[in-house]
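Novice: need a structure here:
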Amino acid sequence: MNTFSVVLAGHGSRDSASIEECDQLVARMRESAPPNISIELGYLEFAKPSISDAINKVVRNGSKQIIVVPALLTAATHAKNDMPAQLDQFRTEFSDCDIRFAGVTDLHPALLDLCRERIVTAESTMDKLISRRDTCLVVVGRGTNDPDANSDIYKLARLLEEGMQFGGSFTCFSGTAKPLVLDGIKRAARLGFKRLLVLPFMLFDGTLVKRIYAAAEAVARRNPELDVVAGNYLGPHPMVAQVFLERAEQALHGLAPMNCTLCKFRVPIVGYEHQCNGPLATALTKQQELQPYKPHPIEKQSFEHISAGRDWTSFTEETLPVAQRIVHTAGDLSAADDLFFSPGAVATGVMSLLRCKRVVTDVTMVASGLKRQLLADLDITVWCGVHDRETVLLAQSNGLTRSAAGIRRAWQLFGNDVVLAIGDAPTAIFEALQLVREANWRPQLIVGLPVGFIGTVESKQALRDCLSVPRITNTGNRGGSPWASAVINAILIAAMNRAANMDRAAQPRPDADQ
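Specialist: Numbering: from 1, shown residues only. Model prediction:
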């Protein structure tokens, strides 16, 4: 960024809290900007200094290139008419200066990420575990007489609803546009959800924000059976400061945000980060016939050695391949001694993989140990959220480990249609069992084989004692991610063999008489 001055043009407020937060935001921008760039603040109305005062100041200080950045979330009358009209006057008055007007923030991906942070933090304050599928997200915008600006709030609500897997969303406004916030939250309360999460899409505190919180409290009092939680507004957050600096730099270089700035294939949008920069999906024109699993000759020889190495009569036809694959992974025939299978767990796992086609792991190492070709042939998705941004926020807000937070997110995202493979974190088992007890979660199968000395034995015992879900675990301290992967691989092989046999049975047979 070349040497120039930035004037942040705020709307202004009679509320001192709003002015203080605007000052804090400018301070954050100054901390982030290079030292050769000056940043000043001016207001359109209701507060001092004015935008004119700020521009006069930077001109007196010798600036010849000035970028006016509107501190506005959407482009309505102030951004389209009022501020540009003022700038025309300034350009006439300071004809030797290059004065440019930057774009508003719009629905910048960083602001969506900040909205997600506000939502996760709000959820962490509630005592009840309520799924997002049973939650209505109520997004409250400022409200204008410009339908284009108002439509952005509806778009924001939809992006967050789909990206964070809410059961529904509702949009209302704190002023000017309808439905107004109190009417909007009342309507949302009648939609049949267990929880309303109210998100103020506002920059700073002030009269309108206080109106939103008051409306949420009023609806909560009138509907004691309904959980109503209000999240925080954006505020003087570092992400907001960076967005304004980005808009200033774009104006400096004559760039304008494209109308596809929120394309999920270009930027990591909330809930679709994994699709960013990824190739577009292409449909297979011809599905290949599935073939039974064929082990490598060395693998085949190893299992022959394992089969002859000990007495296996205590295992059933279904559990034997799982036990032998754990022995193969551990390199220890005694690894099978402590295994526990709930009745029908393996058969349930096979059918679940073929039907639900999703494995959730607590750590990436479990995912890395799964046989990729089998996953691809059976079209099974593996999900691990331990490193996701939302998982980090959830862990920080709720005092969870990231592995446990990833399990909670899987409950939110996928419901019951998952097979859990936990190979590292006892806290992930405890979190899954808490969700089974308190939220009636019913994963198709839980494989719990963490290794270690802190909470490991206790978590496995708790999993064995849980009668609500099919489960595979062991006793003692042994286990680990490779063991959990081995169990899923054994079930994958069984699933592939079953699918291949079904595929062959479905093929038309030639009739000798025809």
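Novice: for the closest residue in space to residue 226 that isn't next to it in sequence, what are its contacts?
Specialist: The shortest distance from residue 226 to any non-neighbouring residue, by CB to CB, 6 or more residues apart in numbering, is to residue 189 (5.8 Å). For glycine as for every other residue, the C-beta is placed from the backbone atoms N, C-alpha and C. Listed by CB atoms under 8 Å, 6 or more residues apart in numbering, the contact set of residue 189 reads 196, 219, 222-223, 226, 228.
Novice: Roughly how far does residue 189 sit from residue 488?
Specialist: 43 Å (CB to CB, to the nearest Å).
Novice: repeat for residue 467
Specialist: Counting by CB to CB, the gap between residue 467 and residue 488 amounts to 22 Å.
Novice: do residue 185 as well
Specialist: Residue 185 is 44 Å from residue 488, by CB to CB.
Novice: distance between stretch 290-300 and the chain's centre?
Specialist: Remark: stretch 290-300 is offset 38 Å from the chain centroid, using CA atoms, centre = their mean, to the nearest Å.
Novice: Only the buried residues of it, if you could.
Specialist: 290, 293 (16 or more other CB atoms under 10 Å).
Novice: With only the CA atoms kept, save that stretch in PDB.
Specialist: Only the C-alpha atoms of stretch 290-300 are listed here, as PDB (Å, rounded to 0.1, in the frame of the first residue of the first chain):
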ATOM      1  CA  LEU A 290     -18.000 -53.300  -7.600                       C
ATOM      2  CA  GLN A 291     -15.500 -56.000  -7.000                       C
ATOM      3  CA  PRO A 292     -14.900 -58.000  -3.800                       C
ATOM      4  CA  TYR A 293     -11.900 -56.800  -1.800                       C
ATOM      5  CA  LYS A 294      -8.700 -58.400  -2.900                       C
ATOM      6  CA  PRO A 295      -5.900 -58.200  -0.400                       C
ATOM      7  CA  HIS A 296      -2.200 -57.700  -1.400                       C
ATOM      8  CA  PRO A 297      -0.300 -61.000  -1.300                       C
ATOM      9  CA  ILE A 298       1.800 -59.800   1.700                       C
ATOM     10  CA  GLU A 299      -1.400 -58.800   3.500                       C
ATOM     11  CA  LYS A 300      -3.000 -62.200   2.700                       C
END
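Novice: pLDDT (mean, whole number) over it?
Specialist: Average pLDDT, stretch 290-300: 93.
Novice: does residue 326 belong to a helix or a strand, and which?
Specialist: Using DSSP states H and E, residue 326 sits in helix 319-330.
Novice: Can you give the contact residues for the following helix or strand past that helix?
Specialist: For helix 319-330, the following helix or strand on the C-terminal side (DSSP H and E) is strand 339-341. By CB under 8 Å, 6+ apart, the residues outside strand 339-341 that reach it are 319, 322-323, 326, 460, 464, 471-475.
Novice: Strand 339-341 pairs with which strands, parallel or anti?
Specialist: The pairing partners recorded for strand 339-341 under DSSP bridges are strand 471-474 (antiparallel).
Novice: So which bits of stretch 5-23 are buried?
Specialist: Going by 16+ other CB under 10 Å, stretch 5-23 has these buried residues: 5-13, 15, 18-19, 21-22.
Novice: Now do the end-to-end distance for it.
Specialist: The stretch stretch 5-23 measures 17 Å between its terminal residues, going by CA to CA, to the nearest Å.
Novice: Can you report phi and psi for the closest residue in space to residue 381 that isn't next to it in sequence?
Specialist: Spatial nearest neighbour of residue 381, chain neighbours left out: residue 358 (5.1 Å); criterion: CB to CB, 6+ apart. Dihedral angles of residue 358 (phi, psi; degrees, to the nearest 10) stand at phi -150, psi 130.
Novice: neighbours of residue 358, just the number please.
Specialist: The number of residues packed near residue 358 is 18, by other CB atoms under 10 Å.
Novice: That one contacts residue 417, doesn't it?
Specialist: Yes: proximity of residue 358 to residue 417 meets the contact threshold set by CB atoms under 8 Å, at 6.2 Å.
Novice: rewinding a little: what about residue 185 and residue 488, which has more around it?
Specialist: More neighbours surround residue 488 than the other of residue 185 and residue 488, with 32 against 27 (other CB under 10 Å).
Novice: That one: what's it in contact with?
Specialist: Neighbour list for residue 488: 349, 359, 366, 370, 419, 421, 447 [criterion: CB under 8 Å, 6+ apart].
Novice: Tell me the most packed of the residues you listed, by neighbour count.
Specialist: That'd be residue 421 among the contacts of residue 488, by other CB under 10 Å, with 31 neighbours.
Novice: That one should be in a helix, yeah?
Specialist: No: under DSSP: H, G, I helix; E, B strand; the rest coil, residue 421 sits outside any helix and is assigned strand.
Novice: Touching, it and residue 365? I think so.
Specialist: No: assessed by CB under 8 Å, residue 421 is found out of contact with residue 365, at 10.6 Å.
Novice: Common neighbours of the two, please.
Specialist: Common neighbours of residue 421 and residue 365, counting by CB under 8 Å, 6+ apart, are residue 485.
Novice: ok, back up a step: compute the mean per-residue pLDDT across the helix holding residue 326, please.
Specialist: Computed over helix 319-330, the average pLDDT equals 97.
Novice: Mind listing residues that contact it?
Specialist: Against helix 319-330 from outside (CB under 8 Å, 6+ apart): 299, 302-303, 306-307, 309, 312, 315, 333, 335-336, 339, 341, 346, 472, 478, 482-483, 485-487, 489-491, 493-494.
Novice: among the residues you listed, which are in strands?
Specialist: Among the contacts of helix 319-330, the ones falling in strands (DSSP state E) are 339, 341, 472.
Novice: number of nearby residues for the first one?
Specialist: Per other CB under 10 Å, the neighbour tally for residue 339 reads 20.
Novice: quick one: residue 192 from residue 440, how far?
Specialist: Per CB to CB, residue 192 is found 18 Å from residue 440.
Novice: now swap in residue 406 and tell me
Specialist: Residue 406 is 20 Å from residue 440, by CB to CB.
Novice: Residue 383 too?
Specialist: 21 Å.
Novice: Can you list the low-confidence ranges for the stretch 101-250 of the chain?
Specialist: Under the criterion pLDDT under 70, no range of the stretch 101-250 of the chain is flagged.
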